[in-house]
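Student: need a 3D model of the following:
(4 chains)
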There are 2 protein chains.
Amino acid sequence: MTNLRDKIIHSSLHLFEKHGFHGVTVNQIVESTGTSKGGFYHHFTSKDELLFVIHDTFITYVLEKAYIAKNTYDSPTKKLQEIIKSFVQVFDLYKPHISVFYQENVYLKADYEELIKKKRDQFKNIIIDTIHEGKASGDFREDLSEEITGMAILGMVNWTYKWYKKSGEKSIDEIGNIYVDLIMRSILNN
Amino acid sequence: MTNLRDKIIHSSLHLFEKHGFHGVTVNQIVESTGTSKGGFYHHFTSKDELLFVIHDTFITYVLEKAYIAKNTYDSPTKKLQEIIKSFVQVFDLYKPHISVFYQENVYLKADYEELIKKKRDQFKNIIIDTIHEGKASGDFREDLSEEITGMAILGMVNWTYKWYKKSGEKSIDEIGNIYVDLIMRSILNN
DNA sequence: AATTTAAGACCGACTGGTTGGTCTGTTCTT
DNA sequence: AAGAACAGACCAACCAGTCGGTCTTAAATT
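Tutor: The predicted structure is shown next:
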């Protein structure tokens, strides 16, 4: 971590995670980073922009991983497995980002919100499309509702941010494998 | 809705859901309720207490439903099915409460937070205990991790608050049945 | 090589608007 | 009559953002 910008993001992330966006003042961020108001506003136009940057770095990373998984494999089953696994792995890298992402998104300003929403919808659609493919190929059950099943999977996986701790009993890969197992049993044919 | 207290809760619920706890001022609540600061502070000691009341009414209701389901049936399978179904039904009744519950819980003051956490843990344990019972009785797979499976189920179900709309294609009971189907396929033996 | 110039990085006292909460009344109810 | 229910002007605290200024660094000029 060489530059101040990254330091500010790093500090604010942990503060936001614990106290929420509005529970943390710019002065607190600045203090915990070891800089000043001037330093902060030299790198960010506003507190709101900082919130956006946190949102954007996370969703951009996740989206790219999902595209890679989608394009690397042919079978819908393998695709979905990899999308889930790669997403779950992100919890070890971006846990605080994710917490802020799901906890504070209502506080994004309209313009920022729109940008984030687009990427989030893309991610959602990758999953739903994969379920669609799986049904078409005969891998997945015909009677699945693509929308609801997609949201069920997303929910199961996303919720992890509420309870996952690196120091917990199970590693993130173990958790990912459990999710994949549960999901596959419920959507695979026969 | 006869008394002012309920009116205030009702109005604030929708405001909080859309703009978040800190995105809504007491003046806005008071205005949208059609009352005054005096009216508000006659019924609530603080804005924070209002937040707590919203949390508490929801979790108390849900917890009671879960206990009833747990005590009404004998088989773990049936128990779990009913717990899930009864919980999902709550979305039609308490959608705004739930949104606030999961979005704004970081802003609960320490004392209030503790009270809520206790009830939330009780709810979580009802599910985990039921999974435990199901494994013991041979209904559920032996190799399930009770903790992770429990959190996976909770995640799937809880996440509904992020996207569910009464006006949507599927009714809440249909969604509940899909969840039960997915979950049962993944945890039932053979 | 020495000196000037200029821009980027960072500082921190200050401000203007906002917000939760108070307090003194007035009106309704029993 | 008397207490509960409500009204609304007012206040003190807080907080995001500003702005004039300093320090560092590296290129440009002499």
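
Student: which bits of chain A sit near DNA strand C?
Tutor: A:3, A:4, A:5, A:34, A:35, A:36, A:37, A:38, A:39, A:41, A:42, A:43 (CB under 7 Å from any atom of the strand). Any C-beta I mention is one placed from the backbone N, CA and C, and that applies to glycine too.

Student: in helices only, show me these.
Tutor: A:4, A:5, A:37, A:38, A:39, A:41, A:42, A:43 (DSSP state H).

Student: grab the nearest non-local neighbour of the spatially most central residue of chain A.
Tutor: The centroid of chain A falls nearest to residue A:98 when counting by CA atoms, centre = their mean (5.0 Å). Excluding its sequence neighbours, the residue lying closest to residue A:98 (CB to CB, 6 or more residues apart in numbering or on different chains) is residue A:161, at 4.6 Å.

Student: still on that earlier bit, just the buried ones from the ones in helices among the residues of chain A next to DNA strand C?
Tutor: A:5, A:39, A:43 (16 or more other CB atoms under 10 Å in any protein chain shown).

Student: what residues are up against the residue lying closest to the first one once chain neighbours are set aside?
Tutor: Put plainly, it is residue A:5. Distances taken as CB to CB, 6+ apart put residue A:43 closest to residue A:5, at 4.5 Å, once the chain neighbours are dropped. Shown in contact with residue A:43 (CB atoms under 8 Å, 6 or more residues apart in numbering or on different chains): A:4, A:5, A:8.

Student: mind giving me the packing neighbours of the host helix or strand of residue A:123?
Tutor: Assessed by DSSP states H and E, residue A:123 sits inside helix A:110-137. Judged by 3 or more CB pairs under 8 Å, 6 or more residues apart in numbering or on different chains; DSSP states H and E, helix A:110-137 is in contact with helix A:47-72, helix A:76-103, helix A:146-158.

Student: if you set the cut-off to 10 Å instead, what comes out?
Tutor: helix A:47-72, helix A:76-103, helix A:146-158, helix A:172-187 (3 or more CB pairs under 10 Å, 6 or more residues apart in numbering or on different chains; DSSP states H and E).

Student: residues in contact with the residue in chain A that DNA strand C sits nearest to?
Tutor: Closest to DNA strand C within chain A is residue A:38: 1.5 Å, counting by CB to the nearest atom of the strand. With CB atoms under 10 Å, 6 or more residues apart in numbering or on different chains as the criterion, the residues that contact residue A:38 are residue A:30.

Student: adding distance to residue B:14 and pLDDT as columns, could you present the contacts of residue A:43 in JSON lines?
Tutor: Below are the contacts of residue A:43 laid out as JSON lines (distance: CB to CB, whole Å; pLDDT from 0 to 100):
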{"residue": "A:4", "distance to residue B:14": "41", "pLDDT": "95"}
{"residue": "A:5", "distance to residue B:14": "38", "pLDDT": "97"}
{"residue": "A:8", "distance to residue B:14": "35", "pLDDT": "98"}
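
Student: between these, which is nearest chain B?
Tutor: Proximity of the contacts of residue A:43 to chain B (CB to the nearest CB) peaks at residue A:8, which lies at 20.6 Å.

Student: okay, and that closest one sits in which element?
Tutor: helix A:4-19.

Student: okay, buried residues for that helix please.
Tutor: Quick answer for helix A:4-19 (16+ other CB under 10 Å): A:5, A:7, A:8, A:9, A:11, A:12, A:13, A:15, A:16, A:17.

Student: mind giving me the packing neighbours of that helix?
Tutor: Looks like helix A:4-19 contacts helix A:26-33, helix A:37-43, helix A:47-72, helix A:76-103 (3+ CB pairs under 10 Å, 6+ apart).

Student: just name the most buried of those.
Tutor: helix A:76-103 (a mean of 20; mean count of other CB atoms under 10 Å in any protein chain shown).

Student: give the contact list for residue A:148.
Tutor: B:160, B:163, B:168, B:169, B:170, B:174, B:175, B:177, B:178, B:179, B:182.

Student: what about the residue lying farthest from the centre of chain A, is that helix, strand or coil?
Tutor: No residue in chain A sits farther from the centre than residue A:190, which is 31.7 Å out by CA atoms, centre = their mean. The three-state label given to residue A:190 by DSSP: H, G, I helix; E, B strand; the rest coil is coil.

Student: so it versus residue A:103, what's the distance?
Tutor: Distance, residue A:190 to residue A:103, using CB to CB, to the nearest Å: 40 Å.

Student: where in chain A is pLDDT low?
Tutor: Low-confidence segments of chain A (pLDDT under 70): A:1.

Student: would you mind splitting it into its domains for me?
Tutor: A:1-44, A:46-187 (automatic domain parsing).

Student: hmm, the last one touching DNA strand D?
Tutor: Read it as domain A:46-187. Yes: residues of domain A:46-187 are located near DNA strand D by CB under 7 Å from any atom of the strand, namely A:46, A:47, A:48.

Student: look up phi and psi at the first one.
Tutor: Main-chain torsions, residue A:46, degrees, to the nearest 10: phi -160, psi 170.

Student: what is the neighbour count of it?
Tutor: 12 (other CB atoms under 10 Å in any protein chain shown).

Student: is it true that it touches residue A:108?
Tutor: No: contact criterion CB atoms under 10 Å: residue A:46 and residue A:108 do not qualify, at 11.8 Å.

Student: where do the contact lists of the two overlap?
Tutor: residue A:52.

Student: just to revisit the earlier point, so who does the residue farthest from the centre of chain A touch?
Tutor: residue A:141.

Student: quick one: it from chain B, how far?
Tutor: 11 Å (CB to the nearest CB, to the nearest Å).

Student: swap in residue A:175?
Tutor: Taking CB to the nearest CB, one finds residue A:175 at 6 Å from chain B.
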